[in-house]
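A.B. asks: Generate a structure from the sequence data that follows.
(chains A, B, C and D)
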There are 2 protein chains.
Amino acid sequence: MSDQIHTAVARRLDAVDQRYTSGRRQLVEALAKAGRPLTAGELVAACPSLPQSTAYRNLAVLGQAGAVHRVSGTDEFARYELDESVTGRHHHHLVCLSCGAVEDFAAPAGLEHSVSSLMGTLGSDRGFHAESHRLDVLGTCAACRS
Amino acid sequence: MSDQIHTAVARRLDAVDQRYTSGRRQLVEALAKAGRPLTAGELVAACPSLPQSTAYRNLAVLGQAGAVHRVSGTDEFARYELDESVTGRHHHHLVCLSCGAVEDFAAPAGLEHSVSSLMGTLGSDRGFHAESHRLDVLGTCAACRS
DNA sequence: ATTTATGCAAATCGTTTGCAAACCT
DNA sequence: AGGTTTGCAAACGATTTGCATAAAT
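C.D. replies: Modelled structure (predicted):
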């Protein structure tokens, strides 16, 4: 099921001369299974044989390889998710202001198109070379509303 | 010039039974003058008579009052800016992946409209009560491109 | 007078790092 | 063997907090 993901991650790591060790595989597995950004704490909980230090170190390696990246919510915890180049799915985040949880969601194509065209204008308008974008909607999640 | 800002902040603080002390005023002044999100370090540098602890405490108070809020970039530093309810200006951020700097920019009205309409659908589609949004464009700033 | 804000120094806590043992090739 | 990754424990650093003084009401 997450076979293509592993292949994509392996390719990324290889390009940076890094091995796809079991610890790294566990992290990728956990992130793929979650389908939402996870905190370092959630990750070590999901990978019981992985000490924190190794988890952090491997997240850094996976980050340099472009397979994983940090997601910023509103609380103090860093969250991690698989890069779109690995999942093949472009998405955005719903951030709960009450509990800090982060969920994925897909924006309508029309909106994505508007953002792309905006990004194109930033170079000439502001001298800013746009590479990617983040769109987060902040509010209250279903669990906290109940 | 930033008179309306001070009035708005004062109103916010008053609503939460907090005083508009000189330290808080200095922070607001610095944020208003900057016109972009500032790190805690930049703020204490801009307010030479303010110790870090007071700066952080006052930023927390201003945050609870809804006059200031945190902005997350890509580096490890928290950044702060005046809330839109105080400045009256809705805007988004250009985040430099190279140096971490954050600049403000205004998105086209059409894009904002698309986002608003998306936010409206999230309640029924996902049970998520949307309150606000963040749109960040990541890339390389003019200074880092040179 | 009493409550609230300040300033210093010490504590907190997510995250990072040094180093020796275990691993892969 | 030679270089890399791991695991433990100690270090790091941005942010927070305790407590005594100063300010505001």
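
A.B. asks: Would you enumerate the residues in contact with the residue most central in space within chain A?
C.D. replies: Nearest to the geometric centre of chain A sits residue A:81, at 2.5 Å (Cα atoms, centre = their mean). Contacts were defined as Cβ atoms under 8 Å, 6 or more residues apart in numbering or on different chains; by that measure residue A:81 touches A:31, A:36-38, A:68-69, A:71. For glycine as for every other residue, the C-beta is placed from the backbone atoms N, C-alpha and C.

A.B. asks: Give the closest residue to residue A:145 in space, chain neighbours not counted.
C.D. replies: Using Cβ to Cβ, 6 or more residues apart in numbering or on different chains and skipping residues adjacent in sequence, the residue nearest residue A:145 is residue B:129, 6.0 Å away.

A.B. asks: What of residue A:37?
C.D. replies: Taking Cβ to Cβ, 6+ apart as the measure, residue A:37 lies nearest to residue A:79, with 3.7 Å between them; neighbours along the chain are not counted.

A.B. asks: mind pulling up the phi and psi values for the residue nearest to the centre of chain A?
C.D. replies: Torsion angles at residue A:81 (phi, psi; degrees, to the nearest 10) stand at phi -150, psi 160.

A.B. asks: mind listing what's buried in the helix or strand hosting residue A:30?
C.D. replies: Using DSSP states H and E, residue A:30 sits within helix A:22-34. Neighbour-count burial for helix A:22-34, counted by 16 or more other Cβ atoms under 10 Å in any protein chain shown, picks out A:23-24, A:26-32, A:34.

A.B. asks: Tell me which other helices or strands that helix touches.
C.D. replies: Secondary-structure packing of helix A:22-34 (3 or more Cβ pairs under 8 Å, 6 or more residues apart in numbering or on different chains; DSSP states H and E): helix A:3-15, helix A:40-46, helix A:52-64, strand A:68-72, strand A:78-82.

A.B. asks: run the last query once more with 10 Å
C.D. replies: Using 3 or more Cβ pairs under 10 Å, 6 or more residues apart in numbering or on different chains; DSSP states H and E as the contact criterion, the elements in contact with helix A:22-34 are helix A:3-15, strand A:38-39, helix A:40-46, helix A:52-64, strand A:68-72, strand A:78-82, helix A:84-87.

A.B. asks: possible to save the contacts of residue A:81 as a markdown table with pLDDT and distance to DNA strand D?
C.D. replies: Putting the contacts of residue A:81 into a markdown table (pLDDT from 0 to 100; distance: Cβ to the nearest atom of the strand, whole Å) gives the following:
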| residue | pLDDT | distance to DNA strand D |
| --- | --- | --- |
| A:31 | 97 | 15 |
| A:36 | 97 | 24 |
| A:37 | 98 | 20 |
| A:38 | 98 | 18 |
| A:68 | 97 | 14 |
| A:69 | 96 | 18 |
| A:71 | 95 | 17 |
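
A.B. asks: Compare the residues you listed and tell me which is most surrounded.
C.D. replies: Scoring these on neighbours with other Cβ atoms under 10 Å in any protein chain shown, the highest-scoring entry is residue A:31 at 27 neighbours.

A.B. asks: Now do the closest residue to it other than its chain neighbours against residue B:44, distance only.
C.D. replies: Beyond its immediate neighbours in the sequence, the residue positioned closest to residue A:31 (Cβ to Cβ, 6+ apart) is residue A:82, lying 5.0 Å away. As judged by Cβ to Cβ, to the nearest Å, residue A:82 and residue B:44 stand 38 Å apart.
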